[in-house]
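Engineer: below are the sequence and a predicted model for it; my questions follow.
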Amino acid sequence: MKTTINTQLEDLYRSHWVKFSSELNKIVNSDEYGVKPTNPLLLKHPDIDSFESSDIRVMIIGQETNQWEGVFYNNFDDILNVYPGFYPGYKYGYKGYFKNHFNNFLELLEQKFPDKKISCFWNNVIKVGKANDKGAPPKYILELEQKYFSVLQDEINIIKPNVVLFYSGYSYDQYIEHQIPNLVKEDIAGFDSNILQLFKIKNVDFAFRTSHPQRLHFLGKAKYQMIYEEIISKISL
């Protein structure tokens, strides 16, 4: 019997959970730490049959998950089921710049490959953010994730996306490089490497890192359209 991607992801997370959750609880229960961790972003596609039968598998990766069900509460099954309740499985539904650029990129892929079925996972570089706040978590939370829950490459190995787009900005490359130690970065002619780079990642056909959508918005439509045109032109499937 075939094991689904969702089942493989759950097995991956469970294999890290006991030690990781114990360490997170130490932060939650200590007065020493002013910023508490939110719950980890655990991937579980709401329509896994459709994803697995798609012609083009996409993973779009943001920075970190903020306010993900509040302070870490260590109920694995509940946390695992937050994802399909938030992300419908293809287009992104939450308001803001991230939604606009996320969905725009998928629409550009649809235009280039009109005869192919496309499906998508949403992910983040940092899997545990600040509870009830925005931005990268403090060092003591990051270090715990990096030591006990460095799972991004494993997620990619399981999902095997054809296309990965990091909307993380160059400042998050340090976190990506920790998660993907064999990452290769290549500059693209005509583009500042801080704005757009090509990544080479195991089990991915095409991967790119560009700016966070809020930054893209302030670069202006003409600039970000050039970025998307370049990315789309390099994808051949």
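Structural biologist: Happy to help now that I have it.

Engineer: what's next to the longest helix seen in the chain, contact-wise?
Structural biologist: With DSSP state H setting the assignment, residue counts place helix 5-28 as the longest helix in the chain. The contact list for helix 5-28, computed with Cβ atoms under 8 Å, 6 or more residues apart in numbering, reads 33, 36-37, 40, 42-45, 48, 51-52, 71-72, 74, 76, 80, 128, 140-141, 144-145, 147-149, 151, 154-155, 158-159. The way it works is simple: take the backbone N, C-alpha and C, and place the C-beta from them, glycine included.

Engineer: ok, 7 Å please
Structural biologist: With Cβ atoms under 7 Å, 6 or more residues apart in numbering as the test, helix 5-28 has contacts from 33, 36-37, 42-45, 48, 51-52, 71-72, 74, 76, 80, 140-141, 144, 148-149, 151, 154-155, 158-159.

Engineer: buried ones among those?
Structural biologist: 36-37, 42-45, 48, 51, 71-72, 76, 80, 141, 144, 148-149, 151, 154-155, 158-159 (16 or more other Cβ atoms under 10 Å).

Engineer: now the helices: where do they sit in the chain?
Structural biologist: Using DSSP H, helices in the chain cover 5-28, 48-52, 76-80, 82-86, 97-112, 139-148, 152-159, 173-179, 213-219, 221-234.

Engineer: could you list the low-confidence segments of this protein?
Structural biologist: The model of the chain has pLDDT under 70 over residues 1.

Engineer: distance check, the residue of it most remote from its centre against residue 125.
Structural biologist: Using Cα atoms, centre = their mean, the residue of the chain lying farthest from its centre is residue 31. It sits 30.7 Å away. For residue 31, the distance to residue 125 equals 29 Å [Cβ to Cβ, to the nearest Å].

Engineer: one more: residue 65?
Structural biologist: 10 Å.

Engineer: about what we covered before: now, of the helices of the chain, which is deepest in the fold?
Structural biologist: Stretch with highest mean neighbour count among those: helix 152-159 (a mean of 19; mean count of other Cβ atoms under 10 Å).

Engineer: just the CA coordinates of that one, formatted as CSV?
Structural biologist: Below are the C-alpha coordinates for helix 152-159, written out as CSV (Å, rounded to 0.1, in the frame of the first residue of the first chain):
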residue,chain,number,x,y,z
LEU,A,152,13.3,21.6,5.4
GLN,A,153,15.5,19.4,3.2
ASP,A,154,13.7,16.3,4.5
GLU,A,155,10.3,17.9,3.6
ILE,A,156,11.6,18.7,0.1
ASN,A,157,12.9,15.1,-0.3
ILE,A,158,9.5,13.8,0.6
ILE,A,159,7.4,16.3,-1.5
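
Engineer: ok now that helix, how far from the chain's centre?
Structural biologist: 11 Å (Cα atoms, centre = their mean, to the nearest Å).
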